[in-house]
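Chemist: structure, please.
(one chain, ligands or ions: 2)
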Amino acid sequence: ARVHNYTWDISYQYKSPDCFEKLAVTVNGEAPGPTIRATQGDTIVVNVHNKLETENTAIHWHGIRQIDTPWADGVAGVTQCPILPGETFAYKFVVDRPGTYLYHAHYGMQRVAGLNGMIVVKVPDGIVEPFSYDEEHTVLLGDWWHKSVYEQATGLTETPFVFVTAPQSLLINGRGTFDCSLAPSGTCNASSPDCGLRPLFTAVPGKTYLLRIGSLTSLSSLSFEIEGHSMTVVEADGYYVRPFVVKNLFIYSGETYSVLVKADQDPRRNYWAASHVVGRNASQTPSGKAIVSYAFKGNNPWIPPPTAPPAGPAWNNTVIRVQQSRAIFAHPRFVEPMPAGADRTLLLLNTQNRIDGHIKWTINGVSLIFPATPYLVAMKRGMTTAYDQRPPSDTYDHMSYDISAPAPTNGTVRSPVYRLALGSVVDVVLQNSNMLNNKSETHPWHLHGHDFWVLGYGEGKFNPAADAWRLLNVRDPIMKNTVPLHNDGWTAVRFRADNPGVWLFHCHIEAHVFMGMGVVFEEGIERVGKLPPSIMGCGQSKGLH
Ligand code: C2O
Ligand code: CU
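Modeler: Numbers count the residues shown, from 1 in each chain. Ligands and ions are numbered 1, 2, ... in the order given. Just a heads-up that it's a prediction; the model follows:
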């Protein structure tokens, strides 16, 4: 196994990813950052220099379980103190599973400012994957606002509340298109080489391509498609799936999929690759666009396709999205054996609440706020005043709660933790409910430090009585690290709490976790090795080592 060393300067730079000029948080001057490429079992070392001058940072390696390195998970407030301006922090971890993963800032809402990228982990030589292809490409999907992170975050905490609203652009590999005539003069340059329509890849007729697609949108659920071509889904979040064919792939923030695309269309022209917002009405957001071209004499990969860009599916068609979620099973030869039952079941009700005049998200009545001392340090060192000792509730009043009405009670803002027995099996049922505007929306939930089996998705209210369990797939569930909680429904997952550390589980919509939509799990803290002093220095960990 190899060691890959990276040195990253994190700094603000003027960027025009959709032609509108804006300060972006960059890695060595780039946004998105470079793709990390490694082989299963390799060690990654990233030396992060925070050159943001006035802003902290922390970087999370999304989908990497951090076995034996829980301090390298990169969540400010949970696994480390933020990296202060001028400071350097070294992340060191092993990529123990092949697949497609992501990285991004995990400090405030900094991810939306541009600090994100992909991690590609190949299988070792000699290991055969259950599919074949000629070449591979990465496709990182994003959404983009012209307002700064500060303006967005301030709006969320201010009274009256100002939501981040619809993104100005959708990005494909960090590029978008925006109609510059809508921007004040001098702020937008439609001919900037940084932005605009560009080739995604050039296909050789007859060849098969593996696209590693990841979404790090801040808000948007997306549909991705390549005009005229079907896609065969073969991998999800690092696990092989029973292959299935789609015209458009629904992908939620924090998810990755690998798809096979065969270059089997007329090679004399180009085709659209496009992303569209689904799940919320974003008619003001133009679709994300790029060009898929064919290597063919006389064909120019920069020429827009002769057809109109695809319109995308209806944004409010939940049925087809749930259907696609339900079509994902483990590949028959790669089913990860699942424990037959759980030691503990958490029923987690997601509600939007008004607390002290602020709009917050709560889980079983608790809106999560990160403590000044990171949980990992506080729990390992037994600092009982550094976080809230009162455990949050395992359940909610599921008999009488009306999920089709806005939350009747207020909830509290606090910093508790679910303490899980090391090695125990935990079922989590995420339950959606109506927001204060009496509508329900999709939330992609991401678990740090583990992968979970996806037991199933249902409509309405989950009924813990026997008949609800019958809807669950215990035969060949896929494992994932991120799963959608569809609007007006529930999602059930199972995992083994076998990774000593403290782990965040949260909605991957940046504004939502910022508004408290997450919970913290701890297991086996006594088994965590000696904490590196570099994660300390804030709150009660000042001066510790
Ligand atoms: Cu990619 Cu805690 O998130
Ligand atoms: Cu959410």
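Chemist: burial measure for R354, as a count.
Modeler: 15 (other C-beta atoms under 10 Å). C-betas here are computed from N, CA, C, even on glycine.
Chemist: okay, and it sits in which element?
Modeler: In the assignment (DSSP states H and E), R354 maps to strand 344-355.
Chemist: with A492 instead?
Modeler: In this structure, A492 sits in strand 489-496 according to DSSP H and E.
Chemist: next, the angle strand 344-355 makes with that strand.
Modeler: Interaxial angle, strand 489-496 versus strand 344-355 (axes from the mean of the first three to the mean of the last three C-alpha atoms, to 10 degrees): 130 degrees.
Chemist: ok, strand 489-496: who's next to it in the sheet?
Modeler: strand 425-431 (antiparallel), strand 452-459 (antiparallel) (DSSP bridges).
Chemist: on that earlier part again, does the very next helix or strand once past the strand holding R354 reach ligand 2?
Modeler: For strand 344-355, the succeeding helix or strand toward the C-terminus, using DSSP H and E, is strand 358-363. No - using C-beta under 5 Å from the ion, strand 358-363 stays clear of ligand 2, with a minimum separation of 6.6 Å.
Chemist: list phi and psi for the residue of the stretch 351-500 of the chain found nearest ligand 2.
Modeler: Residue nearest to ligand 2 within the stretch 351-500 of the chain: H443 (3.3 Å; C-beta to the ion). Here is the backbone geometry of H443 (degrees, to the nearest 10): phi -130, psi 120.
Chemist: tell me the spacing between it and ligand 1.
Modeler: Plainly put, H443 is 13 Å away from ligand 1 if you go by C-beta to the nearest ligand atom, to the nearest Å.
Chemist: try V366
Modeler: Noted for V366: a distance of 17 Å to ligand 1, by C-beta to the nearest ligand atom.
Chemist: run a quick neighbour tally on that residue.
Modeler: Neighbours of V366 (other C-beta under 10 Å): 23.
Chemist: do the one 4 residues further on as well
Modeler: For F370, the tally of surrounding residues (other C-beta under 10 Å) stands at 22.
Chemist: quick one, what contacts it?
Modeler: Counting by C-beta atoms under 8 Å, 6 or more residues apart in numbering, F370 makes contact with A76, G77, V78, S415.
Chemist: quick one: contacts for L197?
Modeler: With C-beta under 8 Å, 6+ apart, L197 has these contacts: T177, K289, A290, I291, W302, P304.
Chemist: the third one belongs to a strand?
Modeler: I take that to be A290. Yes - counting by DSSP: H, G, I helix; E, B strand; the rest coil, A290 falls inside a strand.
Chemist: for the contacts of F370, pick the one with the most neighbours.
Modeler: Once you tally neighbours by other C-beta under 10 Å, V78 ends up highest among those, having 28 neighbours.
Chemist: okay, that one: pLDDT?
Modeler: pLDDT for V78: 98.
Chemist: repeat that for the one 5 residues further on.
Modeler: Here, the pLDDT recorded for I83 equals 98.
Chemist: burial of the residue of the stretch 351-500 of the chain closest to ligand 2, as a residue count?
Modeler: Around H443 there are 26 residues (other C-beta under 10 Å).
Chemist: surely it and N432 touch.
Modeler: Yes - if you go by C-beta atoms under 8 Å, H443 and N432 touch, sitting 7.1 Å apart.
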